[in-house]
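[1] Task: produce atomic coordinates for the following.
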Amino acid sequence: MNFIRYLRRSKGLLLLALVVALVGVPKAVNYLINNVDAESFSQSDERMPSLDGAVAWLNSPPLTAEGLKGKVVLVDFWTYDCVNCQRSLPYVNQWAKKYARDGLVVIGVHTPENAYEKVLDNVRSQVKKLDIHYPVAIDNDYRIWRAFDNQYWPAHYFFDATGKVRYSHFGEGRYDNQEKVIQALLEEARAANAPT
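    Reported below is the predicted structural model:
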């Protein structure tokens, strides 16, 4: 029983590799999914809404839900003058850098709350200042916001490699849980693509 408690508190990929070696990939993925303290980590049939409607894209050509199939995707709704977003962005930026080679694509959807946040040069300057290198959709007309039926800054939506929404988190906090979701979805994608 102590070993199970230790597994629940551990965060490392090394431990994940040990669990996979001992019990196999499907059981390890189920273990991670069942032990994420998440609002809505689930098997969903809901697909990624459209990313159409951005007035511009930074750091990337326009992306589509269809073009992202095969990747685990985190869509982060933010705006640069939102203090809650400012506190969550370092985590999102870290995940983008840490898991990109494993197949995670982070997309920032910058949806302005104030008129000055609609100015593209202001957003471009903030993206540079914040060292954001992942794609950022400029959603000045709230088209992506409405497609997602979003209501919050920040809002994180996690999609599996088949394009289905699997988890969402609104506001700050629970960063360890969100990272576990990323790890579980990436492991699930690896298992699905593993040779049989």
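
[2] How many neighbouring residues does the closest residue to Tyr80 other than its chain neighbours have?
    Computed as CB to CB, 6 or more residues apart in numbering, the closest residue to Tyr80 that is not its neighbour in sequence is Gln126, at 4.0 Å. For every residue, glycine as well, the C-beta is placed using N, CA and C. Residue crowding around Gln126 was assessed by other CB atoms under 10 Å; the count is 19.

[3] Which secondary structure state does Gln126 sit in?
    helix (DSSP: H, G, I helix; E, B strand; the rest coil).

[4] From His169, how far off is Leu120?
    Applying CB to CB, to the nearest Å, the value for Leu120 to His169 is 28 Å.

[5] any chance you could map the helices in this protein?
    Along the chain, counting by DSSP state H, helices occupy 2-9, 13-23, 25-34, 83-99, 120-129, 143-147, 175-193.

[6] Show me what the spatially most central residue of the chain is bridged to.
    If you average the C-alpha coordinates of the chain and look for the closest C-alpha using CA atoms, centre = their mean, you land on Leu74, 2.1 Å from that point. With beta bridges defined as DSSP bridges, Leu74 has these partners: Val106, Phe158.

[7] Contacts only, for Ile132.
    Taking CB atoms under 8 Å, 6 or more residues apart in numbering as the definition of contact, the neighbours of Ile132 are Asn59, Leu89, Asn93, Ala96, Gly108.

[8] Can you select the buried ones from those in PyMOL?
    In PyMOL, selecting the buried portion of the contacts of Ile132, with burial taken from 16 or more other CB atoms under 10 Å, looks like this:
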select buried, resi 89+93+96+108
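
[9] still on that earlier bit, could you tell me how far the residue nearest to Tyr80 is located from Asp149?
    Computed with CB to CB, the distance linking Gln126 and Asp149 is 26 Å.

[10] With Arg101 instead?
    Using CB to CB, one obtains 32 Å as the distance from Arg101 to Asp149.
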